[in-house]
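Colleague: have a look at this prediction, sequence included:
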Protein chains: 2
Amino acid sequence: MTASFAPLANDRFLRACRRQASDTTPVWLMRQAGRYLPEYKATRARAGSFMGLATNVDYATEVTLQPLERFDLDAAILFSDILTVPDAMGLGLSFAEGEGPRFAQVVRDEAAVARLAVPDMDKLRYVFDAVTSIRRALNGRVPLIGFSGSPWTLACYMVEGKGSDDYRQVKTLMYARPDLMHRLLAVNADAVAQYLNAQIDAGAQAVMVFDSWGGVLADGCFQDFSLAYTRRVLAQLKRTGVDGQDVPRIVFTKGGGLWLSDMGALDCEVLGLDWTVNLGRARALVGDTKALQGNIDPNVLFAPPAAIEAQVRAVLESFGRPHTDAASTGATHVFNLGHGISQHTPPEHVSALVEAVHAHGRRIRA
Amino acid sequence: MTASFAPLANDRFLRACRRQASDTTPVWLMRQAGRYLPEYKATRARAGSFMGLATNVDYATEVTLQPLERFDLDAAILFSDILTVPDAMGLGLSFAEGEGPRFAQVVRDEAAVARLAVPDMDKLRYVFDAVTSIRRALNGRVPLIGFSGSPWTLACYMVEGKGSDDYRQVKTLMYARPDLMHRLLAVNADAVAQYLNAQIDAGAQAVMVFDSWGGVLADGCFQDFSLAYTRRVLAQLKRTGVDGQDVPRIVFTKGGGLWLSDMGALDCEVLGLDWTVNLGRARALVGDTKALQGNIDPNVLFAPPAAIEAQVRAVLESFGRPHTDAASTGATHVFNLGHGISQHTPPEHVSALVEAVHAHGRRIRA
């Protein structure tokens, strides 16, 4: 398989993940392949549904590459959903139009938890096939990022059955039956680890764990019910990809800024941060050991280009001058949003953001 | 007016706000008068609507006192809504059944901002009359807290027109036209200050500013668009109530834990904290200058009483032993939830929580 992948033309993103210097700050955007792009909406219309899109290798490849045609992005991310793993566990994922994900079965009692097991990875073959197909289609243009939801974030959906604004069901289970929650999370962690390893074997060049709902937990609970199981995932991950290169691991906890020192102790290469975190302070806390990824508010993209450029400069300057010595490693920054891009975003504003990152990223290194 | 108010029988809450020692840790709960109580639902049914309840002095008095009949709470809080002030500005507040608040008019452009002004406080007379009525009805049993939404939190609703999950409209205005946002926030701050001062004149013994949506702002924006206007409110507040006593000021920014050192510099007596914040660390940061209020996850109340007690102990112990020397001031703790109580809460679980706070609060002082 190794021989079939082209050498990498743009390695800015992977260099920054490895805390190596690069000519400017690399940038990619969470949900960069998505509904704000008319060409994405056209492909989705042909696919018929979100899962029709995600489970078809050709469609998934097509939409993953779409934003790269428009914008000078430094990485691609697999087009998929964080809920594929519980779907493969048999919970029955569906996306009702305009409603978000929903599971046919919820996991709220001892019997339901006892039925859970790490799914046969063959049920997720469509994801791994998409990874290989996308990597081939990229042809070395930029690296490909694989991803999964974190064990806790998957648990939120498995227990609630859908999105929630109060996390009542999942927290009730956690506070009332912590033993069951720990069992559920252990299954999730082992499943996520196998899932990410299979993505690495299929050609992923970096992997990211999305702890989208870690930030809703109380101090103490975050460490016990989210971070501990992210750690269990990380400990099982392959460190080398099919091309013999190391595979950087990114962990992003939305709303996790208060626990940055706990997260600094994780065995991973990159920490994702949302816009509430001051990048300079985060760098002072963990920049000696981790690259930092983030963290502009995606709502900045609704402002006119001049305002977008000013906000980009402010984010780059809050991180400060990145490491520039080619012979050593140091503090590096991957520019990203602090949350997925909104479907209402004007695409030309994304161009303004990407160009501003690269231009000002060069200036702060000069 | 002074003579008509009875002396205070239970001053635990006010003592803790003043960083004075008390026999145990005082406790009250955000939204303690609310839909989880059958007697509240009965009164609301008689009132016909939420605003019918909030604008009727007798009903507002009745529901404010209801939780005190059931639970050994150490404070009462005015029954009202944070959106009364923009309603008085003429934006047309309504509560559709099961849908949350909604404004008939939104503030999204220069003309709409230009039309805004501090409302005539006479339009909010029903609130001040309720404060006086409740204070009389309390008859010195526990102190009465008045409150308002923060300037930023009011702005979120005024621009969005209702609740939001992405704050797209208000952040678009903020990033695209910061000049308009600053004008809007200045009007809000002056209106909130007049509103809280009128509550103090009507008998409120402490006041709280709810910055419910400060935590959605990016670092930098929080300081400029939320904190700066909370400061503008605080600077205008009366320091002495109608009984000649000082009136402690509480500021609570949900999701504001990362900015605790900024908030430590506010000219107020108490900082509210949500459950993501470690109370021990917060105490180390600001406990020399402020009392701390918070911060258990309201979802704890869905667990059985034994689990509730364990979580209460954990919160009290994370704060540590409070100041106990009657002759001086020191670090004190007001126990509360980190967010409003859920309508689905079993009332008997609230009893378990309140009893656990008082019992364990005595133990940690022993």
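Modeller: That came through, no problem.
Colleague: what about A:Ala314, neighbour count?
Modeller: 17 (other C-beta atoms under 10 Å in any protein chain shown). (Each C-beta comes from the backbone N, C-alpha and C, glycine too.)
Colleague: for the residue nearest to it when sequence neighbours are not counted, give me phi and psi.
Modeller: Nearest in space to A:Ala314, with sequence neighbours left out and distances taken as C-beta to C-beta, 6 or more residues apart in numbering or on different chains, is B:Gly220 at 6.7 Å. Main-chain torsions, B:Gly220, degrees, to the nearest 10: phi 100, psi -60.
Colleague: B:Gly220: what's it in contact with?
Modeller: The contact partners of B:Gly220, taken as C-beta atoms under 8 Å, 6 or more residues apart in numbering or on different chains, are A:278, A:314, A:318.
Colleague: how close does A:Asp120 sit to A:Leu184?
Modeller: A:Asp120 sits 19 Å away from A:Leu184, going by C-beta to C-beta, to the nearest Å.
Colleague: ok, now how distant is the residue nearest to A:Ala314 from B:Gly256?
Modeller: Where B:Gly256 is concerned, B:Gly220 sits at a distance of 14 Å (C-beta to C-beta).
Colleague: same check, this time on A:Gly320
Modeller: 24 Å.
Colleague: so between those two, which is more surrounded?
Modeller: More crowded of A:Gly320 and B:Gly256, by other C-beta under 10 Å: B:Gly256, with 25 against 14.
Colleague: that one touches B:Gly214, doesn't it?
Modeller: Yes. With contact defined as C-beta atoms under 8 Å, B:Gly256 counts as touching B:Gly214 (5.3 Å).
Colleague: shared neighbours of those two, anything?
Modeller: B:Phe222.
Colleague: which neighbours do B:Gly220 and B:Gly256 have in common?
Modeller: In contact with both B:Gly220 and B:Gly256: no residue, using C-beta under 8 Å, 6+ apart.
Colleague: what number of residues lie near A:Asp297?
Modeller: For A:Asp297, the neighbour count with other C-beta under 10 Å is 24.
Colleague: nope, A:Glu99 is what I was after
Modeller: 10.
Colleague: distance check, it against chain B.
Modeller: 13 Å (C-beta to the nearest C-beta, to the nearest Å).
Colleague: tell me the SS of A:Tyr36?
Modeller: Classification of A:Tyr36 using DSSP: H, G, I helix; E, B strand; the rest coil returns coil.
Colleague: need the phi and psi values for the spatially closest residue to it that is not a sequence neighbour.
Modeller: Sequence neighbours aside, A:Thr345 is the residue nearest to A:Tyr36 in space, at 4.2 Å (criterion: C-beta to C-beta, 6+ apart). With angles defined as degrees, to the nearest 10, A:Thr345 sits at phi -70, psi 130.
Colleague: so what's A:Phe95 up against?
Modeller: Taking C-beta under 8 Å, 6+ apart, one finds A:49-51, A:101-102 in contact with A:Phe95.
Colleague: that older thread, would CSV of the contacts of B:Gly220 with secondary structure and pLDDT be doable?
Modeller: What follows is those, written out as CSV (DSSP: H, G, I helix; E, B strand; the rest coil; pLDDT from 0 to 100):
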residue, secondary structure, pLDDT
A:Asn278, coil, 98
A:Ala314, helix, 98
A:Ser318, helix, 98
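Colleague: can I get those residues in TSV including distance to B:Lys171?
Modeller: Formatted as TSV, the contacts of B:Gly220 follow (distance: C-beta to C-beta, whole Å):
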residue	distance to B:Lys171
A:Asn278	18
A:Ala314	15
A:Ser318	18
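Colleague: and of these, the nearest to chain B?
Modeller: Checking the contacts of B:Gly220 against chain B with C-beta to the nearest C-beta, the nearest one is A:Asn278 at 4.5 Å.
Colleague: and the helix or strand containing A:Glu69, what does it pack onto?
Modeller: Here A:Glu69, judged by DSSP states H and E, is contained in helix A:57-70. Contacts defined by 3 or more C-beta pairs under 8 Å, 6 or more residues apart in numbering or on different chains; DSSP states H and E place helix A:57-70 against helix A:38-47, helix A:50-54, strand A:76-77, helix A:125-138, helix A:347-365.
Colleague: where among those is average confidence lowest?
Modeller: Among these, helix A:50-54 has the lowest mean pLDDT, at a mean of 91.
Colleague: can I get that one in PDB, CA atoms only?
Modeller: C-alpha atoms of helix A:50-54 as PDB (Å, rounded to 0.1, in the frame of the first residue of the first chain):
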ATOM      1  CA  PHE A  50     -26.000  12.600   5.000                       C
ATOM      2  CA  MET A  51     -25.300   8.900   5.600                       C
ATOM      3  CA  GLY A  52     -25.700   8.200   1.900                       C
ATOM      4  CA  LEU A  53     -22.900  10.700   1.400                       C
ATOM      5  CA  ALA A  54     -20.700   9.400   4.200                       C
END
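Colleague: about what we covered before: between the contacts of B:Gly220, which is nearest B:Thr172?
Modeller: A:Ala314 (17.3 Å; C-beta to C-beta).
Colleague: A:Leu279 versus the closest one, what's the distance?
Modeller: Separation of A:Ala314 from A:Leu279 (C-beta to C-beta): 10 Å.
Colleague: measure how far stretch A:86-98 is from the centre of its chain, please.
Modeller: 20 Å (C-alpha atoms, centre = their mean, to the nearest Å).
Colleague: that stretch: end-to-end distance?
Modeller: With C-alpha to C-alpha, to the nearest Å as the measure, the ends of stretch A:86-98 fall 21 Å from one another.
Colleague: in that stretch, which residues are buried?
Modeller: A:86-89, A:91, A:93, A:95 (16 or more other C-beta atoms under 10 Å in any protein chain shown).
Colleague: these: which two are farthest apart?
Modeller: Most distant of these, by C-beta to C-beta, are A:Met89 and A:Phe95, 17.2 Å apart.
Colleague: ok so, going back, higher neighbour count, A:Asp120 and A:Leu184?
Modeller: Using other C-beta under 10 Å as the criterion, A:Asp120 and A:Leu184 rank with A:Leu184 on top: 27 against 11.
Colleague: how close does the more buried one sit to A:Arg115?
Modeller: The gap separating A:Leu184 from A:Arg115 is 11 Å, by C-beta to C-beta.
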